[in-house]
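Student: curious how this folds, go ahead:
(one chain, ligands or ions: 1)
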Amino acid sequence: MTGRVPPRPRADALAVAGLTPLSSCDWPGRLVATVFLQGCPWRCTYCHNAAILDPRTPGAVPWQDVRDLLARRHGLLDGVVFSGGEPTRQAALVAAAAEVRAAGFGVGLHTSGAYPARLPALLPLLDWVGFDVKAPARLYRAITRVGGPTTSADATFASLRLVLGSGVDVEVRTTVDPTVLAADDVAELSELLAGLGVRRHVLQEARPDGTTDEYRRALTRAALQEAGSVVR
Ligand code: SF4
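Tutor: Purely as a prediction, here's the structure:
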């Protein structure tokens, strides 16, 4: 006896935390609308999206608002970027990406690769991925702060291999957390990524805005230590 495959959730099931109608920086070189999806399984040191991490929080924007926006912006927008949170957490993302593409827009994705099993269905619907790689595997948990020593790293590198193998245009980004990563760790990561076939690896500065007081203090200590000061 064969079991029935459950139907894939419709785009209307997406929990959308926010919608930016026009952005010129979320997909380099494109004018896009950015859809922020609720929920993320990780709790990164430098995350400034704390309000949209809890997967139990319902969406604040109906998917119909995105549909209506796209209908009004034909010819004015190049595409839609799905961001988060971690957008691949939600199974309805596949239906939403298909709908955006069918409406004649490009589809971009910001992801940290937490859900590799979601990618085979999603990748054929994508035109661009901004892929977040946080650290060499041995330092991953110090940033994501969940799971076992390599749980989040294993997911990320499995996802990265799928993205690279798909041929979809990808930019890999690393937010350099100076409370975890030394210059040698960043060099090690860049070398590792180049070995995997990554051609564009962009380093970003960890910013204090929107983070916890504890992390802001840690950033200050790291900056002072970098400058050669002693903090007591
Ligand atoms: S993966 Fe992104 S959204 Fe999730 S906790 Fe880390 S920085 Fe925040």
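Student: gap between the two ends of stretch 40-53?
Tutor: When the termini of stretch 40-53 are compared using Cα to Cα, to the nearest Å, they are 5 Å apart.
Student: swap that for stretch 47-63, please
Tutor: Counting by Cα to Cα, you get 25 Å between the two ends of stretch 47-63.
Student: how about the residues of this protein by the ligand?
Tutor: Residues of the chain lying close to the ligand by Cβ under 6 Å from any ligand atom are 40, 42-44, 47, 49, 53, 84-86, 112. Just so you know, the C-beta spots here come from the backbone N, C-alpha and C atoms, and that holds for glycine as well.
Student: from these, which one has the minimum pLDDT?
Tutor: Lowest in pLDDT among those is residue 49, which has 89.
Student: what ranges do the strands span in this structure?
Tutor: Counting by DSSP state E, residue ranges of the strands within the chain are 16-23, 32-37, 79-83, 106-111, 128-132, 169-176, 201-205.
Student: rebuild those as a markdown table, extending it with mean pLDDT.
Tutor: Supplementary listing: the strands of the chain in a markdown table, determined by pLDDT from 0 to 100:
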| stretch | mean pLDDT |
| --- | --- |
| strand 16-23 | 98 |
| strand 32-37 | 98 |
| strand 79-83 | 98 |
| strand 106-111 | 98 |
| strand 128-132 | 98 |
| strand 169-176 | 98 |
| strand 201-205 | 97 |
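Student: turn those strands into JSON lines, columns for distance to residue 92 and mean neighbour count.
Tutor: Converted to JSON lines, the strands of the chain look like this (distance: least, Cβ to Cβ, whole Å; neighbours: other Cβ atoms under 10 Å):
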{"stretch": "strand 16-23", "distance to residue 92": "10", "mean neighbour count": "17"}
{"stretch": "strand 32-37", "distance to residue 92": "9", "mean neighbour count": "23"}
{"stretch": "strand 79-83", "distance to residue 92": "11", "mean neighbour count": "25"}
{"stretch": "strand 106-111", "distance to residue 92": "14", "mean neighbour count": "24"}
{"stretch": "strand 128-132", "distance to residue 92": "19", "mean neighbour count": "22"}
{"stretch": "strand 169-176", "distance to residue 92": "23", "mean neighbour count": "18"}
{"stretch": "strand 201-205", "distance to residue 92": "29", "mean neighbour count": "12"}
